Structure formats: structure tokens, C-alpha cells
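*Asks:* mind folding the following:
(chains A, B, C and D)
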2 protein chains.
Amino acid sequence: MNSTTALAELPQLARRTLSDTVYEALSDLLASGRLAPGDRLSLRQSAAALGVSVMPVREAVSRLAADGVLEVAPNRVIRVPVMGAAAFRALAETRIAVEGLAVARAAERRTATELAAIRRAEAAFRAEAEAARPDRARAVQLNRDLHFAIYGACGLAPLQEIIARLWLKAGPVINLDLRAHPERLLQGFALRRHAEALAAIEIRDGSGAAAAIAADIREAAAFIMARGGLRDAHEGD
Amino acid sequence: MNSTTALAELPQLARRTLSDTVYEALSDLLASGRLAPGDRLSLRQSAAALGVSVMPVREAVSRLAADGVLEVAPNRVIRVPVMGAAAFRALAETRIAVEGLAVARAAERRTATELAAIRRAEAAFRAEAEAARPDRARAVQLNRDLHFAIYGACGLAPLQEIIARLWLKAGPVINLDLRAHPERLLQGFALRRHAEALAAIEIRDGSGAAAAIAADIREAAAFIMARGGLRDAHEGD
DNA sequence: GCTAGTGATCTGTGATCACAGTTTGGGCGA
DNA sequence: TCGCCCAAACTGTGATCACAGATCACTAGC
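*Replies:* Reported below is the predicted structural model:
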């Protein structure tokens, strides 16, 4: 029985289908803003670009579409949705509420190990943001790492999944803005909010940490909306 | 320009693909508990039963799997996940947090129209629950209608989608229990909590409404967990 | 009598084909 | 030269085929 018990311990090695790979590839494209809102997507072209058949792309796209990250128009045209100002605001408010929830829980329940991981992530982001010549793509990734290091300490797996989906949905518009406006002074704000959140998490101040993250999200959203790049209704191409 | 503006107003009639139909059919099966945790699902058999090819079933299943409502084991076996006690508890806590959020917002922002709809839904559920010979399936549906009538007043579409997904995930285990134990006295609890929530919503008491719904969810979860039907780890068939 | 091997059958996955609908570009007419 | 129309090329959707791996029942061997 020992051997079987030992065998049961080893992690089931992930079965990686082509659909999963394509899904990740498209997710990356969306999260990094290389696929901007309004961009169209062709199954056959994507399949050809990835060197696979249309089948895996179909499954990946259907999953993305189920999450609202992509949409299939009645014309049967696949594209990344153009979010109106109202929709973007609703998404931001939802993020503030849900992520605030996760942060508050994380602050109250974090272990010493998790706190250390959060500290490392904060330091890494700070280092990149304060660098003489910061790499934007890397900064975005480190920002994401920091946020999810915090959310990972909330102890609620379903909540983390929800947040991941929200980020995927918000990714294109946020990163598109980041590409269009590199001179983003927002990083100063982000740094301050992150520091506030970290300090609150250290003293297990749930509501304080939630307030910091809420401010982080709210300021970033306000920054993007101030650009006026979001139209409402009239999806005029 | 008037005509085009007017035309833009009318709702794009939903383009209904076979995949969507299959998705709804499977969702119904899951939500109603006819597909119980641990049950296996065959693409070809499902396709044959529905009178379609495997293609639409594949897409529907992949979407369900992306939501965690179904799972594909490394053996490539599709089945509805067996939730351990810990996972179920985490799901319940997430529901309490997220749905509490939605209810609190709904209580504070509900319009008179929305309040009326909530009242109607509450009355409908009460009538069915207090009937001499209540129809379980119908009671479940009315309970769902009531909850979503409330959540619909929160004004945050993304939040509603999140909750719908959570319900889909919790549906199989909850309704399986409901099938196995018809003599569920929980309806008495549910009625009281619903009344409390309605009263709080009427006076725009956000935290009160959240507390009522939280109690509703918590009691239902405790009821199910008391059955001991949820194993942890060792997915012994 | 019981275990180990083995073949048939079923599984999901991926590729290819077929089709109806849309879009688009070029050519014809005014 | 401008506008319309038709046809070719695209779009996603669905069905069918092909394949590797897993499962299971059966049988041969100990």
C-alpha cells in the first residue's frame, strides 16, 4: 500500500491539449494589449499563424467568448469587444468590490510565508517602476504578480478565479491605453497604493488594505477614462 | 439619421447556434441536479441523445469545463466534479461574500420597479413553499428567480455574471442533496431569510440585506454539509 | 480458481470537408 | 466619373473522418 500511497502523492502531470495552448496564446495577446478592442480575429488566419488546424482555435475562442473576453457578432465576426464608458465603469466598480473583498481577507488571514511573497512582489515591481529605463511589459507583468500574490493569500480559490477572469476582461483596454500613452505618471500612484496596501497587510488591517487597492484600481480607471478613448453605444468601428 | 438611430435601439436578436442550445441543455441538467457530481459524460452519447453531431457538444462541454462546472480528467474522461468538503466550504464562503456584495448594493440602489419585481418573486416563492403539495423543481426555480431578481438590482452586470457562474458551479451538489432528501425543512429557514432580506431592501438597509442573504446561503450550506455527503480528497468513485 | 495478458471498443482530440451567410472588390452601366 | 450590382473569396458552423490512448471483458496460462 505504501507504493500506491506514494504514487497518489505525485501531482497529476497536466495534460496539455492544443486547445489549451492556443487559449494561453490568445490570452497573452489580449492581456498584453497586442489584441486591442475592436480588432477582428479570423479562425483560419489564427490557425495558420499558430500552425494548427482551426479546431483548437475554435475551442479556445469559444471559451474566451464564454468569458466575454471575445465576442462573436451576429455577423459571425469574432472580435475583442469594444467596451463603452459605462461598461468599463461597471467593470472597474466590480473589480473594486471583488478585489477589495479578496484583499481584506488576505490581510486578515495571510501567513508569514505569504506576507514574505507579497513583500518580494512589491519590491520587484518597485524596482522596475523606479528603474531609470523601465520595461513597460515587465512592469505590467510585475504589477499583476503583486496583485495576485495578495489575492492568493485570501484562501478562497473560487474568488481568485473570478478575479483572474475580471483581469482578462479588463486587460485589453488597460494595456491598449498603456501602449498608446507610455508617459504614464500613474506608476507613481500605483507605487504609493501598493505601499499602503502592503503596510495594511502587515498589520492585518483588512479595510485599510481594501481601501488601498480600491484606490489603486479607481485611479487607474479614472486615468484611462480621462483619455476619453472609450465611446458609449454607437460602435462606430 | 432618425431611422438608423431607431434601428440601433432594437435588441440584436440572439443568433442561436447549436452549441448554445446544447450548452443550455447541459446547464439545465446540471442546475437541476439530474447530472450529479461524479457522473460521467460522453460526447458521442450526448450528441446522439440530443440528435446532433459531436461538434456542438464539444464546444458546450469545453465552455462548461472552462467554468469548472465540468472537468476533463487526465484520462480524458468528462465528468461533473466531485467537490470535497473544503472546496464546497470555500465556494459557499465566496458566494456569501460576492452575493452579499450584490445584495448590499441592490438594497441601496434599487428602484421602485425593481423592488416591486423582488416583492413578486418573493411572493411567488413563498406561495410555492407554503403550498400543501409543493413542487420541488418549481420551488428551486422560484428561489433562483428571487435571488437573481435581487442581484439584478445591483446595477453591476459583471457581478451578475459572476454570481450566475457561482450558482452553476454549486448547482449540482445542492440539487443533488435536494433530490436525495426531499423532506427538507430548510425551506422554513429560506422563507425567513428571504423575508428579512426583502424587509431590509425595502428600507435600503444594505448590510442588513447582506446579512440575511449570507445567513440563507450559510444555513443551506451547513444543511448540506451536515449530511456528510461530501468527501474530502480520495475521490473514491 | 485466480491472475495476467490481450484484443475489441469506446474515449476525447485534431484535421478535413461541406455549407450558408457575409463581406468585399471589380466591372459594368448610366 | 460616379453609383450599382454581381461574383469571388472570405467568414463561422456543423458533420465526418482519422487517430492515439484508456477501459473493459474475455481468455489463456499458471
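
*Asks:* skip the chain neighbours and tell me the closest residue to residue A:83.
*Replies:* Spatial nearest neighbour of residue A:83, chain neighbours left out: residue A:173 (5.6 Å); criterion: Cβ to Cβ, 6 or more residues apart in numbering or on different chains. Using the backbone N, CA and C atoms, a C-beta is placed for each residue, glycine as well.

*Asks:* I meant residue A:213, not that one.
*Replies:* Using Cβ to Cβ, 6+ apart, the nearest residue to residue A:213 is residue A:103, at 4.6 Å.

*Asks:* what sits against the one you found?
*Replies:* Residues near residue A:103 by Cβ atoms under 8 Å, 6 or more residues apart in numbering or on different chains: A:150, A:151, A:154, A:197, A:201, A:206, A:209, A:210, A:212, A:213.

*Asks:* pretty sure the residue nearest to residue A:83 sits against residue A:224.
*Replies:* Yes - using Cβ atoms under 8 Å, residue A:173 makes contact with residue A:224 at a distance of 6.9 Å.

*Asks:* DNA strand D contacts on chain A?
*Replies:* A:41-45, A:54-55, A:58, A:62, A:72, A:76-78 (Cβ under 7 Å from any atom of the strand).

*Asks:* turn those residues into JSON lines, columns for pLDDT.
*Replies:* Formatted as JSON lines, the residues of chain A next to DNA strand D follow (pLDDT from 0 to 100):
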{"residue": "A:41", "pLDDT": "91"}
{"residue": "A:42", "pLDDT": "91"}
{"residue": "A:43", "pLDDT": "93"}
{"residue": "A:44", "pLDDT": "92"}
{"residue": "A:45", "pLDDT": "92"}
{"residue": "A:54", "pLDDT": "93"}
{"residue": "A:55", "pLDDT": "93"}
{"residue": "A:58", "pLDDT": "93"}
{"residue": "A:62", "pLDDT": "92"}
{"residue": "A:72", "pLDDT": "89"}
{"residue": "A:76", "pLDDT": "84"}
{"residue": "A:77", "pLDDT": "90"}
{"residue": "A:78", "pLDDT": "92"}
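
*Asks:* among these, who's most crowded?
*Replies:* residue A:62 (23 neighbours; other Cβ atoms under 10 Å in any protein chain shown).

*Asks:* which residues touch it?
*Replies:* Counted by Cβ under 8 Å, 6+ apart, residue A:62 has contacts B:19, B:59, B:62, B:63.

*Asks:* just the strands from chain A, written as ranges.
*Replies:* Along chain A, counting by DSSP state E, strands occupy A:40-41, A:71-72, A:78-79.

*Asks:* which of these sits closest to chain B?
*Replies:* strand A:71-72 (7.8 Å; Cβ to the nearest Cβ).

*Asks:* packing partners of that closest one?
*Replies:* Here strand A:71-72 touches helix A:54-66, strand A:78-79, going by 3 or more Cβ pairs under 8 Å, 6 or more residues apart in numbering or on different chains; DSSP states H and E.

*Asks:* look up how far residue A:81 lies from residue A:40.
*Replies:* Computed as Cβ to Cβ, to the nearest Å, the residue A:40 to residue A:81 distance reads 12 Å.

*Asks:* can you check residue A:172 too?
*Replies:* Counting by Cβ to Cβ - residue A:172 and residue A:81 are separated by 8 Å.

*Asks:* can you pull up the residues of chain A that come close to DNA strand C?
*Replies:* Near DNA strand C, when you scan chain A using Cβ under 7 Å from any atom of the strand, you find A:17, A:18, A:19, A:52, A:53, A:54, A:55, A:56, A:59, A:75, A:76, A:77.

*Asks:* and with 10 Å instead?
*Replies:* Those residues of chain A that sit near DNA strand C, judged by Cβ under 10 Å from any atom of the strand, are A:15-22, A:40, A:43-44, A:47, A:50-60, A:73-77, A:237.

*Asks:* what would the strands of chain A look like in TSV with distance to residue B:131?
*Replies:* As requested, these are exported to TSV (distance: least, Cβ to Cβ, whole Å):
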stretch	distance to residue B:131
strand A:40-41	51
strand A:71-72	42
strand A:78-79	48
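
*Asks:* residues in contact with the nearest residue to residue A:144 once chain neighbours are set aside?
*Replies:* Among residues not flanking residue A:144 along the chain, residue A:167 sits closest, at 7.0 Å (Cβ to Cβ, 6+ apart). By Cβ under 8 Å, 6+ apart, the residues touching residue A:167 are A:31, A:144, A:147.

*Asks:* model confidence at the last one, what's the number?
*Replies:* What the model reports for residue A:147 is a pLDDT of 92.

*Asks:* and it, what does it touch?
*Replies:* Residue A:147 touches A:99, A:167, A:213, counting by Cβ under 8 Å, 6+ apart.

*Asks:* before we move on, the earlier item: can I have the buried ones of the residues of chain A next to DNA strand C as a PyMOL selection?
*Replies:* Here is the PyMOL command that selects the buried residues among those (16 or more other Cβ atoms under 10 Å in any protein chain shown):
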select buried, chain A and resi 18+19+22+47+50+52+56+57+58+59+60
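
*Asks:* any idea how far residue A:28 is from residue A:35?
*Replies:* Taking Cβ to Cβ, one finds residue A:35 at 9 Å from residue A:28.

*Asks:* these two: who's more crowded?
*Replies:* Legend: neighbour count by other Cβ under 10 Å for residue A:35 and residue A:28, higher for residue A:35 (23 against 12).
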